[in-house]
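Visitor: pasted the sequence and its predicted model underneath.
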Amino acid sequence: MRAVVVTEHGGVDVLAVQQRPDPEPGPGEVLVEVAAAGVNFKDVYMREGVYPGEPPFVLGDECAGRVVAVGAGVDGIGEGDVVATASARGGQAELAVVDAAQAVPVPEQVPADLAAAALLQGMTAHYLVHSTYPVAEGDEVLVHAAAGGVGRLLVQLATAQGARVVATVGSAAKVAVARAAGADVVLRTDEIDAGDLAAAVRDVVPDGVHVVYDGVGRATFEASLAALRPRGLLALFGASSGQVPPFDLQRLNPAGSLFVTRPTLAHYAATRAELLQRAGDVFAGIADGSLDIAVGGRYPLADVATAYRDLEGRRTTGKLLLAP
């Protein structure tokens, strides 16, 4: 099979499309013929060595496709079933081994490529809005990078809960994307100095927001803290602009007894029941039209470096997919 291999830790130049032996499922595993694989910042962190992983390895853990082989001891999943996962062992390949406990059945109403586009980012947005900070009617919410994959879903889910959403985007073209998702106010970070961003938010919400969903990291962290009202929460779920430097926790006290958390999906889909519940809610939203998944680009495996340059350069909106 062909697969995207991280040959060493580094930039996009360390990615290579190589021929690898076809994998076989072991006990409790299934083999998936990959129809589409997600392109995510988590993969960037794996490639760079921010997250653990010893090269060479096949990149990617989010994919969807048809089951072509089933290992011993697997119940409830058979050959021919379409499944999606955010926990594949090398999902950016023509074939991927998946732990059956992490494989989610895809409803007939949901195309496989949309399942791959929605699962990781959709469940991330779901746990952030429903669990990390349960958004309620009348809450003031700040969403950074609101035209991106997770950001666009966060806006949709938060507004569905009755929140007023202030969104930030990085260009004029992305304003319409954030507004279409439901944002009440859209601020352009390309027109506002980083040091003035919190003030721009407080021009709109003088008392500060209840929660900030920040997947940008280094470039927005200080503004995110300064935009919070007393006892507000900053959910730092990513670092597209770079990792946040070490931080003095004592600063949270005079700023208003603030909360900061660095959540990850694994801890919010820790059981099979929770995984199926979150994924089921996301797929149900796609099926009934209440959740709109935007695919911003589809790339063949050979163009994987271009896909990651587009992602990391924030030149796209919505979800990027590889199509093996």
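Guide: Done, it's in. Numbers count the residues shown, from 1 in each chain.
Visitor: quick check: which element contains the residue sitting nearest the centre point of the chain?
Guide: Nearest to the mean C-alpha position of the chain, by CA atoms, centre = their mean, lies residue 121 at 3.2 Å. Per DSSP states H and E: residue 121 is located in helix 112-127.
Visitor: output the contacting helices and strands for that helix.
Guide: In this structure, helix 112-127 makes packing contacts with strand 29-39, strand 63-70, strand 82-85, helix 149-160, helix 265-268, helix 272-288, strand 295-299, strand 319-322, judged by 3 or more CB pairs under 8 Å, 6 or more residues apart in numbering; DSSP states H and E. Quick note: C-beta positions are derived from backbone N, CA and C, even for glycine.
Visitor: what lines up beside the last one in the sheet?
Guide: Under the criterion DSSP bridges, strand 319-322 sits next to strand 29-39 (antiparallel), strand 295-299 (parallel) in its sheet.
Visitor: format the ones you listed as CSV; extra columns: distance to residue 78, mean neighbour count and mean pLDDT.
Guide: Putting the strands paired with strand 319-322 into CSV (distance: least, CB to CB, whole Å; neighbours: other CB atoms under 10 Å; pLDDT from 0 to 100) gives the following:
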stretch, distance to residue 78, mean neighbour count, mean pLDDT
strand 29-39, 9, 25, 98
strand 295-299, 28, 18, 94
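Visitor: could those go into JSON lines alongside distance to residue 233?
Guide: Output for the strands paired with strand 319-322, formatted as JSON lines (distance: least, CB to CB, whole Å):
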{"stretch": "strand 29-39", "distance to residue 233": "27"}
{"stretch": "strand 295-299", "distance to residue 233": "29"}
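Visitor: quick one: closest of the ones you listed to residue 217.
Guide: Across the strands paired with strand 319-322, residue 217 has its closest neighbour in strand 29-39 (18.2 Å, CB to CB).
Visitor: buried residues, the next helix or strand after the closest one. List them.
Guide: Sequence order places helix 41-48 as the next helix or strand after strand 29-39, per DSSP H and E. Across helix 41-48, burial judged by 16 or more other CB atoms under 10 Å covers 41-47.
Visitor: nearest to residue 168 among those residues?
Guide: Among these, and counting by CB to CB, the member closest to residue 168 is residue 41, at 16.7 Å.
Visitor: buried stuff in stretch 107-126?
Guide: Neighbour-count burial for stretch 107-126 [16+ other CB under 10 Å]: 110-126.
Visitor: got the confidence number for the residue nearest to the centre of the chain?
Guide: If you check residue 121, the pLDDT there is 92.
Visitor: list the residues that contact it.
Guide: Residues near residue 121 by CB atoms under 8 Å, 6 or more residues apart in numbering: 38, 40, 149-150, 153, 319.
Visitor: hang on, the earlier thing: and the angle from the helix holding residue 121 to strand 29-39?
Guide: Put simply, helix 112-127 runs at 80 degrees to strand 29-39, going by axes from the mean of the first three to the mean of the last three CA atoms, to 10 degrees.
Visitor: show me the shaky parts of the stretch 1-150 of the chain.
Guide: Scanning the stretch 1-150 of the chain with the threshold set as pLDDT under 70 gives no residue ranges.
Visitor: how close does residue 154 sit to residue 126?
Guide: 10 Å (CB to CB, to the nearest Å).
Visitor: do you know how far the closest residue to residue 82 other than its chain neighbours is from residue 127?
Guide: The shortest distance from residue 82 to any non-neighbouring residue, by CB to CB, 6 or more residues apart in numbering, is to residue 106 (4.5 Å). Here the criterion is CB to CB. By it, residue 106 lies 20 Å from residue 127.
Visitor: so these two - more neighbours on which side?
Guide: Legend: neighbour count by other CB atoms under 10 Å for residue 106 and residue 127, higher for residue 106 (25 against 20).
Visitor: quick one: residues contacting the more buried one.
Guide: By CB under 8 Å, 6+ apart, the contact set of residue 106 is 64, 82-84, 112, 115, 283.
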